[in-house]
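Participant: Structure for the following, please:
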Amino acid sequence: MNRDDIAKLATDFYSLLESFKQTPFYHLLFEIFLVLTVLWLVIFRKPRPIEKKLTEKEKQELIDEWQPEPLVPPVDSNHPALNVRVLDGIVGKTIEIDGKKSLNFATFNFLNFVGNSRIADKAIQAVQKYGVGSCGPRGFYGTIDIHLELEERLARYFNCEEGIIYSYGFSTIASIIPAYSKRNDILFVDEGIHYAIQKGVEASRSTVKWFRHNDINDLERLLAEQEVLDKKNPKKAKTLRRFLIIEGLYMNYGDLCPLPRMVELKYKYKYRIFMDESVSFGTIGQTGRGVTEYYDIDRQKIDLISSTLEYSVGSIGGFAVGSSFVVDHQRLSAQGYCFSASLPPLLAAAAIEALNIMEEQDTSLFETLMNKSKRLHKKLLDINGYLIVGEDISPLKHLRLTNSLNTVTRLEEIVEFAQTRGITITIARYLNDEHRLPEPSIRLILNVEMTDEELEFLCTVLQEARVKVTV
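Facilitator: This is a model prediction of the structure:
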């Protein structure tokens, strides 16, 4: 090696030292870590030992010891789902169970449209014209002219720009919420919402902030906390969408949401309101148009209203109404709309005729229902030993026994006793994975055709049943 080579080597080494000086310290540490890791893997890591093969005898012993897990968890043979009452005939104001007729206070037939002759005739005519089913989703040859007519009628009924219908009531709100709210969006949700809404909230994978049922102060507390977080990170806040998820009339409690105050907070804290009116549609308001009509609130202030066709209307399916900009988004994003066979035409025809009757009745039908609800509420309050949960104008009420007496077993005894006296009522049932299980209760549902004498008889039977099960 001559003098020039030595000089060149010294120059290269000096350049290397200079580059080390210019390199960030964390980069040097990372490179040292990588070198040490490679050395450890090469020098110290031992190869995996070769696993010993099992003999045939050992294999058989393992097979004999193995116990498979059951395909389904064990279920109590007394579970309500395994011991259903079988009905015979139309499930109307009266029903027949095991050959015995009784007054029906158990199903959501508020306006007694199930079995209505006009509605039945229209359904028969639709079967003769269209057949029974559609056999295709709305986007794939499942859209029939009667679907468009029903959507137009619903939009007009609620004075909204556009409506959309679904083939199943449960999937309506469960599809709507995840169609708009995505991961990292924020949902402010009332703890009292029913199960279908809970599934929609869960499917959205959004950040969920639950507030106490109908507690407007708790809601405002959560909104104020979020406002503080938004101010700390304004860049992130610009990408967040915020939704308030509520019911008009709560299925699990029978009370109305404080909508006027929620609308006020909407413009203060900038969120969108999605309201499910499954119970309040056809039952609340002067003409049955729900909570917005009852509170005299402009529907344009509610971003989306959803409901079912399975309660007041007496058909099957669900719908949503709102602005065209909002509703149209569901036609490409709501799974229950895109991937389910469309609503059978006969059910669409039945729903249209139900709307015809509701519009013809104007205010009389709904005033009658609300007045009877008030009278029933007053009669129930006169019975000792029951706690009545729900608004007086609500046709859906929950009954609980007072204090420690309120157990599922005692309530079931009341239901059984009432059935022997010709009154069909039911316990409100909930699934184990509900976000918040309400206290056990008997759910009473009023049919508009019930007379004062029949309501008096119901209260008499409930009084007798309470005495029987609590003595």
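
Participant: Surely residue 348 forms part of a helix?
Facilitator: Yes - assessed with DSSP: H, G, I helix; E, B strand; the rest coil, residue 348 lies in a helix.

Participant: Spatially, what comes nearest to residue 213 if we skip its sequence neighbours?
Facilitator: Sequence neighbours aside, residue 192 is the residue nearest to residue 213 in space, at 3.7 Å (criterion: CB to CB, 6 or more residues apart in numbering). Using the backbone N, CA and C atoms, a C-beta is placed for each residue, glycine as well.

Participant: For the one you found, which three-state class applies?
Facilitator: coil.

Participant: give me the number of residues near it?
Facilitator: Using other CB atoms under 10 Å, residue 192 has 23 other residues around it.

Participant: Then residue 344?
Facilitator: By the measure other CB under 10 Å, the count of residues near residue 344 is 24.

Participant: mind listing what it touches?
Facilitator: 132, 133, 134, 167, 316 (CB atoms under 8 Å, 6 or more residues apart in numbering).

Participant: Out of those, the closest to residue 103 would be?
Facilitator: Proximity of the contacts of residue 344 to residue 103 (CB to CB) peaks at residue 316, which lies at 24.4 Å.

Participant: Let me know whether that closest one touches residue 310 as I believe.
Facilitator: Yes - Residue 316 is within contact range of residue 310, at 5.8 Å (criterion: CB atoms under 8 Å).

Participant: Can you work out which residues contact both of these two?
Facilitator: Here residue 316 and residue 310 have residue 169 as joint contacts, going by CB under 8 Å, 6+ apart.

Participant: Show the average pLDDT along the helix or strand in which residue 243 is found.
Facilitator: Using DSSP states H and E, residue 243 sits in strand 242-247. What strand 242-247 shows for mean pLDDT is 96.

Participant: Local confidence estimate at the residue nearest the centre of the chain?
Facilitator: Centroid-nearest residue in the chain: residue 197, 1.7 Å away (criterion: CA atoms, centre = their mean). Looking at residue 197, its pLDDT is 95.

Participant: what about the closest residue to it other than its chain neighbours, neighbour count?
Facilitator: Of all residues not flanking residue 197 in the chain, residue 173 sits nearest, at 5.2 Å (CB to CB, 6+ apart). Using other CB under 10 Å, the number of residues around residue 173 comes to 30.

Participant: is it true that residue 173 touches residue 200?
Facilitator: Yes - counting by CB under 8 Å, residue 200 is a contact partner of residue 173 at 5.3 Å.

Participant: Just give the number of residues close to residue 412.
Facilitator: Residues near residue 412, counting by other CB under 10 Å: 17.

Participant: State the distance from it to residue 389.
Facilitator: According to CB to CB, to the nearest Å, residue 412 and residue 389 sit 18 Å apart.

Participant: Give me the residues contacting the host helix or strand of residue 461.
Facilitator: Using DSSP H and E, residue 461 maps to helix 452-470. The set of residues external to helix 452-470 that reach it, using CB under 8 Å, 6+ apart, is 103, 105, 372, 375-376, 379-380, 382-386, 399, 401, 405, 410, 413-414, 417-418, 421, 423, 444.

Participant: And the average pLDDT for that helix is what?
Facilitator: 92.

Participant: Next, the buried residues of that helix.
Facilitator: The neighbour-count check on helix 452-470 (16 or more other CB atoms under 10 Å) flags 455, 457, 458, 459, 461, 462, 465, 466, 469 as buried.

Participant: Just the CA atoms of it, as CSV, please.
Facilitator: Extracted in CSV, the C-alpha atoms of helix 452-470 (Å, rounded to 0.1, in the frame of the first residue of the first chain):
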residue,chain,number,x,y,z
ASP,A,452,-114.4,2.8,28.0
GLU,A,453,-116.0,-0.3,29.4
GLU,A,454,-113.2,-2.5,28.0
LEU,A,455,-110.6,-0.1,29.5
GLU,A,456,-112.4,-0.3,32.8
PHE,A,457,-112.4,-4.1,32.6
LEU,A,458,-108.6,-4.1,32.0
CYS,A,459,-108.0,-2.0,35.1
THR,A,460,-110.3,-4.3,37.2
VAL,A,461,-108.3,-7.3,36.0
LEU,A,462,-105.0,-5.6,36.7
GLN,A,463,-106.2,-4.8,40.2
GLU,A,464,-107.3,-8.3,40.9
ALA,A,465,-104.0,-9.7,39.5
ARG,A,466,-101.9,-7.4,41.7
VAL,A,467,-103.7,-8.5,44.8
LYS,A,468,-103.3,-12.2,43.8
VAL,A,469,-99.6,-12.1,43.2
THR,A,470,-98.5,-9.8,46.0
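
Participant: thinking again about what came up before, so the residue nearest to residue 213 touches residue 436, yeah?
Facilitator: Yes - here residue 192 reaches residue 436: they are 7.3 Å apart, a contact under CB under 8 Å.

Participant: need the contact list for residue 178.
Facilitator: By CB under 8 Å, 6+ apart, residue 178 lies in contact with 200, 203, 204, 205, 335.

Participant: ok, and the most crowded of those?
Facilitator: residue 200 leads the contacts of residue 178 on contacts (other CB under 10 Å) with 29 neighbours.

Participant: From what I see, that one and residue 170 are in contact.
Facilitator: No - contact criterion CB under 8 Å: residue 200 and residue 170 do not qualify, at 9.8 Å.

Participant: In CSV: the contacts of residue 178, plus pLDDT, secondary structure and distance to residue 226.
Facilitator: Shown next, in CSV, are the contacts of residue 178 (pLDDT from 0 to 100; DSSP: H, G, I helix; E, B strand; the rest coil; distance: CB to CB, whole Å):
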residue, pLDDT, secondary structure, distance to residue 226
200, 95, helix, 21
203, 93, helix, 22
204, 92, helix, 17
205, 93, coil, 18
335, 91, helix, 28
